[in-house]
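Asker: starting from these lines, generate the structure:
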Amino acid sequence: MKFILAIFFSAIALNTCEKNSTEKAEETILYVNSSKVDCTGVGKMKCLQTQESVTLKPNDWKNFYGNIEGFEFEPGYIYKLAVKKEKLDPATVPADASTLKYSLVKVIEKNKDEKMRLDDTWALKSINNEAIDSETFQKQPILEIQLNKMKIFGNDGCNNMFGSIKSLNENNITFGALGGTKMACPNMEISSKYTSVLGKTKTYKIDDLQLYFYDADGNELLRFEKGGLK
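Answerer: A predicted model of the protein is given here:
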């Protein structure tokens, strides 16, 4: 009788453990962005950007401070992953670590992120379809795009400038307010026009080594060239 009871209670305990294990782990969809970003945990570090969602939302990325067990990240690609998410016992996890453990089940999609072609330094070649002569400026007007920081830097031919990228997808881009230095130089009217129309940008196109910015009506505002620096 005691032997039968022992088997009975062992079976209940085993079933309970299996049930708890199942409750702790679930399979979910996780999107991973094409580049890591600066983030702060215990110290400065690089984080993945992820979305836990059935469908991808272009501007809804969140910093991911942990690791995905079994996943090898290659920059320049957007991933759709099936992952197992497991809740860990907080008593077994260090204070600065996540209580969620992610493990790769499979890579569902791996698509090249065409937006990454923007991430470069571009030389200004025309404003409102009018070619500019860089020799008339104190320095070559440029635009440096840093997608991992969602920032832009550069100069307008006279003053250094900086700003943020407010929104970005495969066709559209908008910028926040620009800041910069306040020097006086020749041809300031052209420099001012450059920064003014930059703020009106709504869409973009990359054609070979040329980058085009357009306004809301599809009018060309700016044209840049990759590798066109002097």
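Asker: sheet partners, orientation included, of the longest strand belonging to the chain?
Answerer: In the chain, with assignment by DSSP state E, the single longest strand is strand 100-112. Looking at strand 100-112 with DSSP bridges, its partner strands are strand 68-69 (parallel), strand 77-87 (antiparallel).
Asker: give me the number of residues near the closest residue to Tyr79 other than its chain neighbours?
Answerer: Spatially, and ignoring its direct neighbours in sequence, Tyr79 is nearest to Val32 (4.1 Å; C-beta to C-beta, 6 or more residues apart in numbering). The way it works is simple: take the backbone N, C-alpha and C, and place the C-beta from them, glycine included. A count of nearby residues for Val32, using other C-beta atoms under 10 Å, gives 22.
Asker: one more: Ile206?
Answerer: 16.
Asker: which strand or helix spans it?
Answerer: Following DSSP states H and E, the helix or strand that holds Ile206 is strand 203-207.
Asker: still on that earlier bit, of the strands paired with strand 100-112, give the one that comes closest to Gln51.
Answerer: Gln51 sits nearest to strand 77-87 of all the strands paired with strand 100-112, at 9.7 Å, using C-beta to C-beta.
Asker: now do that closest one, average pLDDT.
Answerer: Strand 77-87 shows a mean pLDDT of 96.
Asker: please save the CA atoms from it in PDB.
Answerer: Provided in PDB are the C-alpha atoms of strand 77-87 (Å, rounded to 0.1, in the frame of the first residue of the first chain):
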ATOM      1  CA  TYR A  77      19.500  42.400 -41.700                       C
ATOM      2  CA  ILE A  78      16.100  42.500 -40.100                       C
ATOM      3  CA  TYR A  79      15.200  39.200 -38.500                       C
ATOM      4  CA  LYS A  80      11.900  37.600 -37.700                       C
ATOM      5  CA  LEU A  81      12.500  34.900 -35.000                       C
ATOM      6  CA  ALA A  82      10.500  32.300 -33.300                       C
ATOM      7  CA  VAL A  83      11.800  32.200 -29.700                       C
ATOM      8  CA  LYS A  84      11.100  30.500 -26.500                       C
ATOM      9  CA  LYS A  85      10.600  32.900 -23.600                       C
ATOM     10  CA  GLU A  86      11.100  31.500 -20.200                       C
ATOM     11  CA  LYS A  87      10.400  33.100 -16.800                       C
END
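Asker: still on that earlier bit, let's have the strands paired with strand 100-112 in a markdown table, adding distance to Glu27.
Answerer: As requested, the strands paired with strand 100-112 are arranged in a markdown table below (distance: least, C-beta to C-beta, whole Å):
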| stretch | distance to Glu27 |
| --- | --- |
| strand 68-69 | 13 |
| strand 77-87 | 6 |
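Asker: those: which one's closest to Thr121?
Answerer: Judging those by C-beta to C-beta, what sits closest to Thr121 is strand 77-87, at 22.6 Å.
Asker: next, format the strands paired with strand 100-112 as TSV and append mean neighbour count.
Answerer: Converted to TSV, these look like this (neighbours: other C-beta atoms under 10 Å):
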stretch	mean neighbour count
strand 68-69	16
strand 77-87	17
